[in-house]
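*Asks:* just need the structure, nothing else, for what follows:
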Amino acid sequence: MPTSLVCGQLSLICAATLAVQSGKIAWAWELFVIEVINLVKTFGGNTVLKGVSFTVRPGEATGCLGPNGAGKSTIMKTLAGLLRPTSGEVRLCGYSLDSEPLEVKKRLGYIPETAAMYTGLTANEYLSLVAELYHLDRQHAADQIRKLMEAFRLNEAADRQIDSLSKGMRQKVLISSALLHDPDVLIFDEPLNGLDVNAVLTFRRIVEDLIEQGKTVFYCSHILDVVERLCKRVIVLNEGEVVADDETAHLLASTPKGSLEAVFQELTRIGPEIEWGAALAEGRSAVKPQLGSPAQGKRDE
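*Replies:* Numbering: from 1, shown residues only. The predicted structure is shown next:
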């Protein structure tokens, strides 16, 4: 078992021990806002998630990384209740996603990588509809919509139909809809797609504020420097399995380069693949590396 997984498990045991020693026998959901237990997801004959397990504590910002096909989006959609697992369990804030989905979704804000929207509505109408679905007080909802539109510079687009907005503007409306009901848990799946530089900076500031407020953030992105900056902890998936689950600082210290990119390459074995591709591009002979088995061997150590 790799050192990172051992450290992650020990930290969970320490958290539980401290709760008991302090005289507070905490319920499981008070220790872990997100619990993923032996999650398996199969599409046809293809097993995308192979017994994935992890937990996320309250107020923790956790990044989820992995190459294409690793199972990241499947995890995100399962957490959001859009996919049912083949087996295993997901619990958020102490509620089972299988038996108590409405209790989970009341506490959850989800930004998918791509999403269908009611494009015949204006931005303001769309956000007002979302507020109604969450049973928000109308005045409170109006105040929240105004604040979010100002934050993302959407005021000029407020009365325009969504089908007339650019991809970046639509993404801003989508992000606003996920934040509107002030959820306890936020699931972000590639939230920066289509955003311009100013919107990216605004989004970062908002996420930093949410973390300071004690919100729990589970963040999936290919932009490693954003994950490194925002997330105290990182989970790395490869071929449907968790290959690392540790604090970001520990992972950075585990590689001489001290970068999340180097950690990612080592754990997912894409470094040799990059070298092989560069050799071919330069006209040099090279043998394509065999991916999967070296990483699996490392996990079994």
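
*Asks:* domain assignment for this protein?
*Replies:* 29-107+183-271, 115-182 (the TED database).

*Asks:* mean pLDDT and mean neighbour count added to those, as TSV?
*Replies:* (Glycine included, C-beta is placed from N, CA and C.) Shown next, in TSV, are the domains of the chain (pLDDT from 0 to 100; neighbours: other Cβ atoms under 10 Å):
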stretch	mean pLDDT	mean neighbour count
domain 29-107+183-271	90	18
domain 115-182	93	17
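
*Asks:* can you pull out the helices in this structure?
*Replies:* Ranges of helices within the chain are 3-21, 28-31, 72-79, 101-106, 123-133, 138-151, 167-179, 197-212, 224-230, 248-253, 260-268, 271-281, 293-300, based on DSSP state H.

*Asks:* contacts only, for the closest residue in space to Val33 that isn't next to it in sequence.
*Replies:* Using Cβ to Cβ, 6 or more residues apart in numbering and skipping the chain neighbours, the partner closest in space to Val33 is Thr216 (4.5 Å). By Cβ atoms under 8 Å, 6 or more residues apart in numbering, Thr216 lies in contact with 33-34, 56-61, 184-186.

*Asks:* redo that, cut-off 7 Å
*Replies:* Contact analysis of Thr216 by Cβ atoms under 7 Å, 6 or more residues apart in numbering lists 33-34, 56, 58-60, 184-185.

*Asks:* now the residues you listed in JSON lines, with distance to Asn198?
*Replies:* Output for the contacts of Thr216, formatted as JSON lines (distance: Cβ to Cβ, whole Å):
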{"residue": "Val33", "distance to Asn198": "31"}
{"residue": "Ile34", "distance to Asn198": "31"}
{"residue": "Val56", "distance to Asn198": "30"}
{"residue": "Pro58", "distance to Asn198": "31"}
{"residue": "Gly59", "distance to Asn198": "28"}
{"residue": "Glu60", "distance to Asn198": "28"}
{"residue": "Asp184", "distance to Asn198": "28"}
{"residue": "Val185", "distance to Asn198": "27"}
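
*Asks:* tell me the bridge partners for Ser96.
*Replies:* Arg91 (DSSP bridges).

*Asks:* what's the separation between it and Lys106?
*Replies:* The gap separating Ser96 from Lys106 is 14 Å, by Cβ to Cβ, to the nearest Å.

*Asks:* next one: Gln144
*Replies:* For Gln144 relative to Lys106 (Cβ to Cβ), the value is 16 Å.

*Asks:* what of Arg204?
*Replies:* For Arg204, the distance to Lys106 - Cβ to Cβ - is 26 Å.

*Asks:* before we move on, what about Phe188?
*Replies:* Phe188 sits 18 Å away from Lys106, going by Cβ to Cβ.

*Asks:* Leu195 too?
*Replies:* Going from Leu195 to Lys106 by Cβ to Cβ gives 27 Å.

*Asks:* one more: Leu121?
*Replies:* 23 Å.

*Asks:* then Ala131?
*Replies:* To Lys106, Ala131 is 13 Å away according to Cβ to Cβ.

*Asks:* OK, contacts around Glu228?
*Replies:* By Cβ under 7 Å, 6+ apart, the contact list for Glu228 reads 248, 260.

*Asks:* actually Asp196, not the one I typed
*Replies:* Going by Cβ under 7 Å, 6+ apart, Asp196 touches Gly168.

*Asks:* how about 10 Å then?
*Replies:* Listed by Cβ atoms under 10 Å, 6 or more residues apart in numbering, the contact partners of Asp196 are 153, 166, 168-169, 172, 202.

*Asks:* hmm, back to that, residues that sit against both of Ala131 and Lys106, list them.
*Replies:* Shared contacts of Ala131 and Lys106, defined by Cβ under 10 Å, 6+ apart, comprise His181.

*Asks:* so Leu129 touches Ser177, yeah?
*Replies:* Yes - at 8.9 Å, Leu129 counts as touching Ser177 under the criterion of Cβ atoms under 10 Å.

*Asks:* centroid residue for this protein?
*Replies:* Tyr219 (2.6 Å; Cα atoms, centre = their mean).

*Asks:* report the beta-bridge partners for the residue lying closest to that residue once chain neighbours are set aside.
*Replies:* Using Cβ to Cβ, 6+ apart and skipping the chain neighbours, the partner closest in space to Tyr219 is Phe188 (4.7 Å). Here Phe188 sits in beta bridges with Ile111, Tyr219, going by DSSP bridges.

*Asks:* alright, I will stop here.
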